[in-house]
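J.: Next come a sequence and a model predicted from it.
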Amino acid sequence: MPAGDIHFILAIDLGTSGPKVGLVSNRGQVIDSEFEPTNLGLLPDGGAEQDPRDWWQAIVKATRRLLTRHPQETAQVSAIACTGQWSGTVAVGRDGQPLMNAITWMDTRGAPYARQLIRGNLSVAGYSPGRLYTWVRLTGGLPLGAGKDPIAHILYIRDKHPEVYQATYKFLEPIDYLGYCLTGQVAASFDTITLHWLTDNRDIQHVSYHQKLLDWAGIARDKLPDLRGPVDVLGEITPQVAGELGLHEGIRVVMAAPDVHSAAVGSGAIQDYQAHIYIGTSSWLVCHMPGKKTDLSCNMASLPAAIPGKYLVIAEQECAGICLTYLRDSIFFANDELSQGQVPANAYAAFDRIVADVPAGSEGVIFTPWLFGERAPVEDHLVRGGFFNQSLKNSRRHLLRAVYEGVAYNSRWLLQNMEKFTGCRLDPIRMVGGGAKSAVWCQIYADVLDRTIVQIKNPIGVNMQGAGLLACLALGYLSVEDIPACVEVASTFQPDGRTRVVHDEHFAEFVRLYHSLKPIYARLNAPKALQ
């Protein structure tokens with residue numbers, strides 16, 4: 001790239017609550033962004049669906065609003081990169097149209113099919129030993145019994161919607177569906193395809209489908225996309241898309257990566273054993289690793305990363321920021337006969353002010369954030385959340401701080417297992433995502449984890465920035481070594497030793513609560529026909 005040339009990447013981050021669209025410079029800086037909400041449908045049988053057409057319309061609206069403010073930069077857009085929600089399934093026909101709603105990462109209807117796929121006459125933790133060994137050897141992981149992986153989604157569709165299965169041209173991850181919408185080209189990257197558990201990941205540069213795994217699943221290879229690297233170019237936008245978005249023709253679309261992987265890049269923590277925590281709807285703790293490793297006892301594995309040649313170890317918890325959203329919308333400002341349902345625009349800022357005045361430990365109240373089951377360090381789709389040890393002296397302010405602390409306790413549980421997995425003390429830890437905008441929450445994390453927390457300057461734009469940086473790698477604007485300098489730090493939070501005793505005590509009880517209540521959750525939440 002000649003010195004002085006300026007280019008921009010249009011980065012699309014398809015979150016569960018809707019897409020963010022940003023302009024990222026060829027130096028990796030997010031200069032502006034827009035958001036457009038979309039709906040999530042939660043069904044009584046464990047379903048969690050979204051309409052892919054809504055995704056596209058929201059992207060068009062957000063993009064047009066953004067580009068209207070930046071006519072000069074619009075003319076300099078040279079690439080588009082998509083990131084967003086992972087472990088979802090879009091069934092598309094040969095005309096490129098969705099044949100049904102997308103099944104999202106929260107959906108558990110595939111659980112019976114996943115359990116049938118993994119079990120055998122002999123069982124180790126519910127798995128056939130032979131299949132367990134083969135899956136771990138080839139992929140690094142294996143399908144989970146909760147049914148939230150795309151392999152379980154596809155088997156659910158095959159059984160419950162056979163007409164859709166037969167008519168499906170390709171089953172696509174959400175961001176690969178967006179790539180299809182943009183270019184008319186069908187492909188998945190090495191990282192998006194991982195949770196199908198159908199690929200041989202031993203050679204990180206040459207990931208491919210494995211016939212034995214396809215045969216076990218009974219999924220036809222021709223219904224799955226071909227594979228590319230995350231910094232490969234998929235193709236150019238179609239003339240129709242250029243017109244819809246308000247862009248010029250000839251813009252290239254980079255494969256990019258799911259939100260977990262793009263956040264790892266956008267956080268700047270790209271060296272081996274540098275960690276970041278993301279707090280959005282869900283949360284995860286992630287660090288890069290040089291090789292492939294699996295630990296089934298805590299549901300952790302190193303999987304293909306977006307940075308070429310690297311693996312990524314991921315520990316994900318299902319519910320984080322959504323716990324605050326639930327508290328806001330369903331308890332504090334519920335739209336029912338007791339309330340007008342008027343949610344203040346500054347509710348989260350008000351929450352921070354309230355929480356800052358509550359002593360560490362929430363006057364004894366402990367919150368468990370498992371509102372939609374859990375993935376790691378325990379895989380349990382029947383576990384649920386709640387407040388414990390309440391008394392008459394507790395008020396809403398104590399419950400509110402307990403939510404902040406409870407999400408952090410779960411992250412400490414993840415950290416405990418990840419440090420055992422990596423053999424390294426992960427310190428400092430970068431904090432990104434919408435929850436990282438809260439200095440109060442960053443300090444709570446520092447205290448609960450007993451680690452230095454580094455708050456990224458634009459934490460809510462980390463996925464867009466990561467996608468943009470991957471496009472910069474793909475087009476030769478930057479090298480991997482340039483990435484850390486592109487990510488600005490806002491603040492650094494040190495642990496307050498005065499809170500250590502109370503957090504150590506509450507964390508120990510937090511873990512005991514899970515183990516004590518697990519059989520109760522199983523009795524209450526298991527499908528009645530299976531009891």
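T.: Perfect, I can see it now. Numbering: from 1, shown residues only.
J.: Extract the residue ranges of the stretch 51-200 of the chain that are flagged as low pLDDT.
T.: Within the stretch 51-200 of the chain, the segments meeting pLDDT under 70 span 120-125.
J.: Now for the nearest residue in space to residue 352 that is not next to it in sequence: which residues touch it?
T.: Leaving aside its chain neighbours, residue 352 sits nearest to residue 440 (4.5 Å; criterion: Cβ to Cβ, 6 or more residues apart in numbering). C-betas here are computed from N, CA, C, even on glycine. Counting by Cβ atoms under 8 Å, 6 or more residues apart in numbering, residue 440 touches 352, 355, 356, 404.
J.: Mind doing that once more with 10 Å?
T.: Counting by Cβ atoms under 10 Å, 6 or more residues apart in numbering, residue 440 touches 349, 351, 352, 353, 354, 355, 356, 357, 358, 401, 404, 493.
J.: Could you measure from it over to residue 110?
T.: 38 Å (Cβ to Cβ, to the nearest Å).
J.: Show me how the protein divides into domains.
T.: According to automatic domain parsing, the chain comprises the domains 8-256, 328-458+493-525.
J.: any chance of those in JSON lines, plus distance to residue 314?
T.: Below are the domains of the chain laid out as JSON lines (distance: least, Cβ to Cβ, whole Å):
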{"stretch": "domain 8-256", "distance to residue 314": "10"}
{"stretch": "domain 328-458+493-525", "distance to residue 314": "8"}
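J.: rewinding a little: what residues of whichever strand or helix holds the residue nearest to residue 352 count as buried?
T.: Residue 440 belongs to helix 439-449 when assigned by DSSP states H and E. By neighbour count with 16 or more other Cβ atoms under 10 Å, helix 439-449 contains the buried residues 440, 441, 442, 443, 444, 445, 446, 447, 448, 449.
J.: what's the farthest-apart pair in the residues you listed?
T.: Greatest spatial distance among those (Cβ to Cβ): 440 and 449, at 14.9 Å.
J.: what element comes up after the worst-scoring helix or strand of the chain on mean pLDDT heading to the C-terminus?
T.: Ranking every helix and strand in the chain by mean pLDDT, DSSP states H and E puts strand 294-295 at the bottom, with a mean of 85. As assigned by DSSP H and E, the chain's next helix or strand after strand 294-295 is strand 300-304.
J.: Partner strands of that next one and their direction?
T.: Applying DSSP bridges to the sheet, strand 300-304 is found paired with strand 294-295 (antiparallel), strand 311-317 (antiparallel).
J.: Pick the most buried one from those.
T.: Each of the strands paired with strand 300-304 was given a mean neighbour count from mean count of other Cβ atoms under 10 Å, and the largest, a mean of 23, is that of strand 311-317.
J.: Give me the distance from that one to the chain's centre.
T.: Strand 311-317 sits 10 Å away from the centroid of its parent chain (Cα atoms, centre = their mean, to the nearest Å).
J.: now do stretch 49-57
T.: Mean C-alpha position of stretch 49-57 versus that of the full chain (Cα atoms, centre = their mean) differs by 18 Å.
J.: in it, what's buried?
T.: Applying 16+ other Cβ under 10 Å to stretch 49-57 flags 49, 50, 52, 54, 55, 56 as buried.
J.: just stretch 324-334 next, same as before
T.: Under 16+ other Cβ under 10 Å, the buried positions of stretch 324-334 are 324, 325, 326, 327, 328, 332.
J.: Who are the contact partners of the fourth one?
T.: When contacts are counted by Cβ under 10 Å, 6+ apart, residue 327 is found next to 333, 347, 351, 367, 396, 399, 400, 402, 403.
J.: My guess is the third one contacts residue 323. True?
T.: No: here residue 351 lies out of contact with residue 323, judged by Cβ atoms under 10 Å, at a distance of 11.3 Å.
J.: Would you confirm that residue 268 belongs to a helix?
T.: No: according to DSSP: H, G, I helix; E, B strand; the rest coil, residue 268 belongs to no helix; its state is coil.
J.: what about burial for the contacts of residue 440, which qualify?
T.: Buried, going by 16+ other Cβ under 10 Å: 351, 352, 354, 355, 358, 401, 404, 493, out of the contacts of residue 440.
J.: Let me know whether the fourth one touches residue 404 as I believe.
T.: In this case it means residue 355. Yes: if you go by Cβ under 10 Å, residue 355 and residue 404 touch, sitting 5.5 Å apart.
J.: Find residues that contact each of these two.
T.: Both residue 355 and residue 404 are in contact with 362, 438, 440, 441, 443, 444, where contact means Cβ under 10 Å, 6+ apart.
J.: pLDDT at the second one, what is it?
T.: Spelled out, it's residue 438. The model reports residue 438 with a pLDDT of 97.
J.: try the fourth one
T.: According to the model's per-residue confidence, residue 441 sits at a pLDDT of 98.
J.: So what's the residue count around residue 250?
T.: Per other Cβ atoms under 10 Å, the neighbour tally for residue 250 reads 10.
J.: Leaving out chain neighbours, which residue sits closest to it?
T.: residue 236 (5.7 Å).
J.: residues near the one you found, how many?
T.: 19.
J.: Who does it form a beta bridge with?
T.: In this structure, residue 236 bridges to residue 252 when assessed by DSSP bridges.
J.: hang on, residue 30 packs against residue 465?
T.: Yes: in this structure, residue 30 is within contact of residue 465 by Cβ under 10 Å, at 5.2 Å.
J.: Neighbour count for these two, which is higher?
T.: residue 465 (33 against 22).
J.: Am I right that the more buried one sits in a strand?
T.: No: assessed with three-state DSSP, residue 465 is helix; it does not lie in a strand.
J.: What sits closest to it if chain neighbours are left out?
T.: Nearest non-adjacent residue to residue 465 (Cβ to Cβ, 6+ apart): residue 266, at 3.9 Å.
J.: Can you give me the neighbour number for the one you found?
T.: Residue 266, neighbours per other Cβ under 10 Å, totals 36.
J.: per-residue pLDDT, it?
T.: pLDDT, residue 266: 96.
J.: about what we covered before: what touches both of residue 351 and residue 323?
T.: Residues touching both residue 351 and residue 323 (Cβ under 10 Å, 6+ apart) are 403, 404.
J.: where do the strands sit along the stretch 151-300 of the chain?
T.: 170-172, 188-189, 199-200, 208-209, 227-228, 233-236, 252-254, 275-279, 283-289, 294-295, 300-304 (DSSP state E, counting those that start in this stretch).
J.: what residue ranges in the stretch 201-350 of the chain score low on pLDDT?
T.: Low-confidence segments of the stretch 201-350 of the chain (pLDDT under 70): 337-341.
J.: right, and the pair among the buried ones among the contacts of residue 440 with maximum separation?
T.: That would be 354 and 493, which, of these, are the farthest apart (Cβ to Cβ) at 19.2 Å.
J.: picking that back up, need the residues that contact the least confident helix or strand of the chain.
T.: Applying Cβ under 10 Å, 6+ apart, the external contacts of strand 294-295 come out as 135-137, 139-142, 300-303, 313, 377, 417-418, 420-422.
J.: Understood, closing this out.
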